[in-house]
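Undergrad: give me coordinates for this.
(one chain, ligands or ions: 2)
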Amino acid sequence: MRFVSYFLNDRLIVAPETLVENLDFTPVPFGELPQIEPQLLNSSFKYDEKLQQVLYGKMLLFDELQLPLKTIQEHFENGFVMYNQGVIKTKYGWQCKRCGNEKYHLFASFSCFRCKSENCVYCRNCIMMVRVSVCSPLLSWIGPDVKHKSDHQLMWRGELSAGQQIASDCFVEQVGNSGELLIWAVCGAGKTEVLFHGIEKALKMGLRVCIATPRTDVVLELAPRIKEAFPNTLIVSYYGGSKERETPAQLVISTTHQLYRFKQAFNLMIVDEVDAFPYSYDKTLQHAVSGSVRNDALRLYLSATPSGKMKKQVTQNKLPCVKIPIRFHGFPLPEPKMVWSGEWKKRLERGKLPPAFLKWIKSQVVSERRAMIFVPSVSIIEKVTELIRGHVEVIVDFVHAEDPLRKDKVARFRQGDIQLLVTTTILERGVTVPFLDVVIFGADHEVFSESALVQMAGRAGRSKDDHNGQVLFFHYGKSLSMLNAIKHIRHMNEEAGF
Ligand SMILES: [Zn+2]
Ligand SMILES: [Zn+2]
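TA: Ligands and ions are numbered 1, 2, ... in the order given. From the prediction side, this is the model:
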């Protein structure tokens, strides 16, 4: 977009070229304008409440606001809206102000009809949202805050386990303060319930709350539970393709990716599965979290398997932490057993399964229990499935991230229509199925980190009626990750008093 700049009453004004009639001004791409200061707030200006609601606490492009350019410009001139640069030039290259990306190879340029430049630079890192380029301003709301209603009520009437209670109390105490807190809860501890009382306190204090998670599945699973617990609260979920976005909810449930849209919005940020891919790997996602919270916000992290970095911060007393070492049902975590299965790779190449694994498969079929069989790569998934099918009569299927039938297969597995499900690590989190055993085929493979193994093992024994599921690591030589995973689980059980 091209803008013109001029002085009005000694103040520098900028405006989109299409709104300026005086042709003496030379329009330039937005990024080439001189430094823009916010205009003084004109309190007698009647602002558009819809714009306030959509833009409050966010950073959005003109295209994301379905309002006439003129309306937005009036809000700028009266000090209610600010134009910020979308992509800026830095000493070494470029920086995207929406996602924080600074990697040279993640910028490109195109011939832009809006600013008439042949080389309008844009950010490729957040291109899945509307394109942000040097010439597209990011708009923010600098007028009065949205007032949220205050009759929030927690309608959840369940009881917390002793471990949950301790973590919940600790969280409640911190609400209203700034800083960080890690809740390190074993798989199956019931971390959602731990959040309820703290969220209630925050809402009643008028604070804006966000629950962010790296995965869309989790948003979809969490949203109805949170909505049921807080029926009087306006709650909106954000994920790729979600529709509810225009409402200024006091409680937001979002994928970490969608946080790019927010700016200085939240007083309480809860990051679920803080260790999960891709959040832990992607610096720009961490930038999204930092950018979306207020400076005095409280950040609460939830994890069953915190990263090495986080654990170190905990031991150095730099990160306050409360542990829930025991599952909701009060039984210990099943400890994995290691089963040597020889050169499983070579055997597979010859079209054979390791004898130890085969023996287990046969006994599993007789037990009529379900099992998740994790394999290290998608390339062997069909082969392993076919070979298993050759030995058993029950229904065996496979699932991986790109599988179009993924949801359907997981649902059938849950219902018991599929007894043995061969899967990649995509099912390492989130899925809860009773009467389940967990097997890791090729557990020594480098793709299986300590935390991945702990998460996979954590699928077993989650229900009270079946708390002692079996976890087996089939391997060709114990890896450090395997040993550490077992140590991790034992340690948690010891902390829980077993
Ligand atoms: Zn970007
Ligand atoms: Zn352009």
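Undergrad: got the buried residues for stretch 160-179?
TA: Buried residues in stretch 160-179, counted by 16 or more other C-beta atoms under 10 Å: Leu160, Ser161, Gly163, Gln164, Ile166, Ala167, Ser168, Cys170, Phe171, Val172, Gln174, Val175. For every residue, glycine as well, the C-beta is placed using N, CA and C.
Undergrad: mind listing residues that contact it?
TA: 181, 183, 185, 189-190, 193-198, 201-202, 205, 207, 268, 295-300, 320, 322-326, 328, 330, 496 (C-beta atoms under 8 Å, 6 or more residues apart in numbering).
Undergrad: now swap in stretch 81-95 and tell me
TA: The contact list for stretch 81-95 (C-beta under 8 Å, 6+ apart) reads 14, 30-31, 36, 38, 51, 55, 59, 61, 72, 75-76, 96-98, 101-102, 104, 107, 121-123, 132-143.
Undergrad: would you mark the buried spots in that stretch?
TA: Going by neighbour count (16+ other C-beta under 10 Å), the buried part of stretch 81-95 is Val81, Met82, Tyr83, Asn84, Gln85, Gly86, Val87, Trp94, Gln95.
Undergrad: so what sits opposite the second one in the bridge?
TA: Beta-bridge pairing of Met82, defined through DSSP bridges, involves Ser140.
Undergrad: ranges for the helices of the stretch 151-300 of the chain?
TA: 162-174, 191-204, 216-229, 283-292 (DSSP state H, counting those that start in this stretch).
Undergrad: low-confidence ranges in the stretch 51-200 of the chain?
TA: By pLDDT under 70, the stretch 51-200 of the chain contains no weakly predicted segment.
Undergrad: any residues of it in contact with ligand 1? List them.
TA: Within the stretch 51-200 of the chain, the positions adjacent to ligand 1 are Cys96, Arg98, Cys99, Asn101, Cys123, Asn125, Cys126 by C-beta under 5 Å from the ion.
Undergrad: residues near the third one, how many?
TA: A total of 25 residues lie near Cys99 under the criterion other C-beta atoms under 10 Å.
Undergrad: could you find the closest non-adjacent residue to it?
TA: Counting by C-beta to C-beta, 6 or more residues apart in numbering, Cys99 lies nearest to Cys126, which is 3.9 Å off, once chain neighbours are set aside.
Undergrad: test my guess that the one you found contacts Phe107.
TA: No - at 11.2 Å, Cys126 does not count as touching Phe107 under the criterion of C-beta atoms under 8 Å.
Undergrad: so what sits against both of these two?
TA: Shared contacts of Cys126 and Phe107 (C-beta under 8 Å, 6+ apart): Cys96, Asn101.
Undergrad: one step back: tally of neighbours for the residue nearest to Cys99?
TA: 22.
Undergrad: how much space between it and Tyr6?
TA: 32 Å (C-beta to C-beta, to the nearest Å).
Undergrad: looks to me like the residue nearest to Cys99 is in a helix.
TA: No - Cys126: not assigned to a helix; according to DSSP: H, G, I helix; E, B strand; the rest coil it is coil.
Undergrad: can you pull the contacts of it?
TA: Taking C-beta under 8 Å, 6+ apart, we find Cys126 in contact with Cys96, Arg98, Cys99, Asn101, Val132, Tyr260, Thr284.
Undergrad: and the two most separated of those residues?
TA: Among these, the pair separated by the greatest distance (C-beta to C-beta) is Val132 and Thr284, at 12.7 Å.
Undergrad: higher neighbour count, the two?
TA: Comparing Val132 with Thr284 by neighbour count (other C-beta under 10 Å), the higher total belongs to Val132, at 25 against 22.
Undergrad: how much space between the residue lying closest to the more buried one once chain neighbours are set aside and Ser136?
TA: Ranked by C-beta to C-beta, 6+ apart and with sequence neighbours excluded, the top spatial neighbour of Val132 is Gly86, at 4.1 Å. For Gly86, the distance to Ser136 (C-beta to C-beta) stands at 5 Å.
Undergrad: common neighbours of the two, please.
TA: Jointly contacting Gly86 and Ser136 under the rule C-beta under 8 Å, 6+ apart are Phe30, Leu61.
Undergrad: can I have the buried ones of the contacts of stretch 81-95 as a ChimeraX selection?
TA: Here is the ChimeraX command that selects the buried residues among these (16+ other C-beta under 10 Å):
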select :14,30,31,36,51,55,59,61,72,75,76,96,97,98,101,102,107,121,122,123,132,133,134,135,136,137,138,139,140,141,142,143
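Undergrad: out of everything not next to it in sequence, what's closest to whatever residue of the stretch 301-450 of the chain ends up closest to ligand 2?
TA: Of all residues in the stretch 301-450 of the chain, the one sitting closest to ligand 2 is Glu402 (34.5 Å; C-beta to the ion). Spatial nearest neighbour of Glu402, chain neighbours left out: Val378 (7.6 Å); criterion: C-beta to C-beta, 6+ apart.
Undergrad: contact partners of the helix ranked longest in the chain?
TA: Taking DSSP state H as the criterion, the chain has its longest helix at helix 480-495. Here helix 480-495 makes contact (C-beta under 8 Å, 6+ apart) with 186, 305, 323, 325, 332-336, 338, 443-444, 448-454, 457, 473, 475.
Undergrad: could you pick out which of these are located in helices?
TA: Using DSSP H, the contacts of helix 480-495 in helices are Glu450, Ser451, Ala452, Leu453, Val454, Ala457.
Undergrad: which of the residues in the longest helix of the chain are buried?
TA: Across helix 480-495, burial judged by 16+ other C-beta under 10 Å covers Ser481, Met482, Ala485, Ile486, His488, Ile489, Met492, Asn493.
Undergrad: what is the orientation angle of that helix with helix 162-174?
TA: Angle, helix 480-495 to helix 162-174, by axes from the mean of the first three to the mean of the last three C-alpha atoms, to 10 degrees: 90 degrees.
Undergrad: give me the distance from helix 480-495 to the chain's centre.
TA: Centroid separation between helix 480-495 and its chain, computed with C-alpha atoms, centre = their mean, to the nearest Å, is 26 Å.
Undergrad: C-alpha coordinates for it, PDB please?
TA: C-alpha atoms of helix 480-495 as PDB (Å, rounded to 0.1, in the frame of the first residue of the first chain):
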ATOM      1  CA  LEU A 480      20.400 -43.500  26.300                       C
ATOM      2  CA  SER A 481      16.900 -42.100  25.600                       C
ATOM      3  CA  MET A 482      15.400 -45.400  26.600                       C
ATOM      4  CA  LEU A 483      17.300 -45.600  29.800                       C
ATOM      5  CA  ASN A 484      16.500 -42.000  30.700                       C
ATOM      6  CA  ALA A 485      12.900 -42.500  29.900                       C
ATOM      7  CA  ILE A 486      12.700 -45.400  32.300                       C
ATOM      8  CA  LYS A 487      14.600 -43.500  34.900                       C
ATOM      9  CA  HIS A 488      12.200 -40.500  34.500                       C
ATOM     10  CA  ILE A 489       9.200 -42.700  35.000                       C
ATOM     11  CA  ARG A 490      10.700 -44.500  38.000                       C
ATOM     12  CA  HIS A 491      11.700 -41.200  39.500                       C
ATOM     13  CA  MET A 492       8.100 -39.800  39.200                       C
ATOM     14  CA  ASN A 493       6.700 -42.900  40.800                       C
ATOM     15  CA  GLU A 494       9.200 -42.600  43.700                       C
ATOM     16  CA  GLU A 495       8.200 -39.000  44.200                       C
END
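Undergrad: pull the residues that contact the lengthiest strand in the chain.
TA: Using DSSP state E, we find that the single longest strand of the chain is strand 293-303. Here strand 293-303 makes contact (C-beta under 8 Å, 6+ apart) with 171, 174-185, 191, 195, 198, 210, 264-275, 289, 310.
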